[in-house]
Every structure is written in structure tokens, then in C-alpha cells.
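Visitor: quick one, fold the following:
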Amino acid sequence: MSTLGRILMVEDDPKDVELTLTALEEYNLANEVVVTRDGQEALDYLFCRGQFSTRSHENPAVILLDLKLPKVDGLEVLQQIKSDERLKMLPVVVLTSSHEEKDMVRSYKLGVNAYVVKPVDFHEFVNAVKELGAFWRSSMSRRQAA
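Guide: Take a look at the predicted model:
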């Protein structure tokens, strides 16, 4: 499990945070999960600003990004990640309740690695996170082999 690294979860809904953390823990999919509650806080974390100015400059292994966020929305966060030389190769998984095709299309145009619509049912949600874990593990294996 030591190769799993850190997950940055950008999510403002406490229930979704709890569900995701439970699913990640149940399937041993993370060594550490950092939770930011809005888009501005996520950007501060990634760019080591504000309250995160003294954090290690090591990037997370993957970002789980909600789209509907306060302060700075998820699409803007994604755009800033993918336009920055140090961050653009980070795997980003949009984990959102948005069923809007325009959000999905824009996310992929901006360079997201996967787009997952959050299921309402707890077991479906856990299975979706489990599938994300499989995706993440395979992407980590490919990055380590490169």
C-alpha cells in the first residue's frame, strides 16, 4: 500500500466526503486523503499558498474533483491544474452529481482523466469509488513503469 500516495479530494458536501472516505478505506485505496471544501482551497493546496504555504511540495497521486463548488467551481480548478506545467500530468477524476452533458464535454476538453456521476444509492456509490480505485491503481502502475 505504500505506493498509493496521497489523494486530494475536492468536495463541499460532508456526506459525500464521508461516503468517499469510507469506500476508500474499505478497499485500502489510499495512504492519505486530503480534503479541501471549495475550489479556492484546492488551488491554495496545489499551489502551496495561504494555509498550505508550508506543506510539502509533493503533488497528490490523484485528484477527486467535484464540479459544483463554492468560491471557484470545479471546471475552473481543472483548467488551472491542466494549464500549469507542474500539475498538468496529475490524474484528475471528476466525481460529480452533474448529469449535464456540457459539464462532461468541457471536463474532457480540459483534460480530465475520468468523469464519474455520483450515484444516489450508497452501495452504488461505494462501487463507483471502488472502480475509481482500480483506475487509479492501474494509472499508478503505468506511471511507475514509465
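Visitor: which regions of the chain sit below the pLDDT cut-off?
Guide: 1-4, 119-120, 122, 126, 128, 130-146 (pLDDT under 70).
Visitor: most centrally placed residue in it?
Guide: The geometric centre of the chain, computed from its C-alpha atoms, lies nearest to Leu64 (Cα atoms, centre = their mean), at 1.3 Å.
Visitor: right, and the secondary structure at it would be what?
Guide: Following DSSP: H, G, I helix; E, B strand; the rest coil, we place Leu64 in the strand state.
Visitor: wait, it sits on Arg6?
Guide: No: using Cβ atoms under 8 Å as the test, Leu64 is too far from Arg6 to be in contact (11.4 Å). Quick note: C-beta positions are derived from backbone N, CA and C, even for glycine.
Visitor: first-to-last residue distance for stretch 85-105?
Guide: Using Cα to Cα, to the nearest Å, the end-to-end distance of stretch 85-105 comes out at 23 Å.
Visitor: before we move on, back to that, contacting residues for the residue nearest to the centre of the chain?
Guide: Ile7, Leu8, Met9, Val10, Glu11, Thr20, Val93, Leu95, Leu132 (Cβ atoms under 8 Å, 6 or more residues apart in numbering).
Visitor: show me what the third one is bridged to.
Guide: Beta bridges link Met9 to Val35, Leu64, judged by DSSP bridges.
Visitor: ok, it touching Val35?
Guide: Yes: under the criterion of Cβ under 8 Å, Met9 lies in contact with Val35, with a separation of 4.9 Å.
Visitor: hey, what's in contact with both of those two?
Guide: Val17, Leu21.
Visitor: more neighbours: which of the two?
Guide: Neighbour totals were compared for Met9 and Val35, and Met9 leads with 24 against 18 (other Cβ atoms under 10 Å).
Visitor: that one and Phe52: what is the separation?
Guide: 15 Å (Cβ to Cβ, to the nearest Å).
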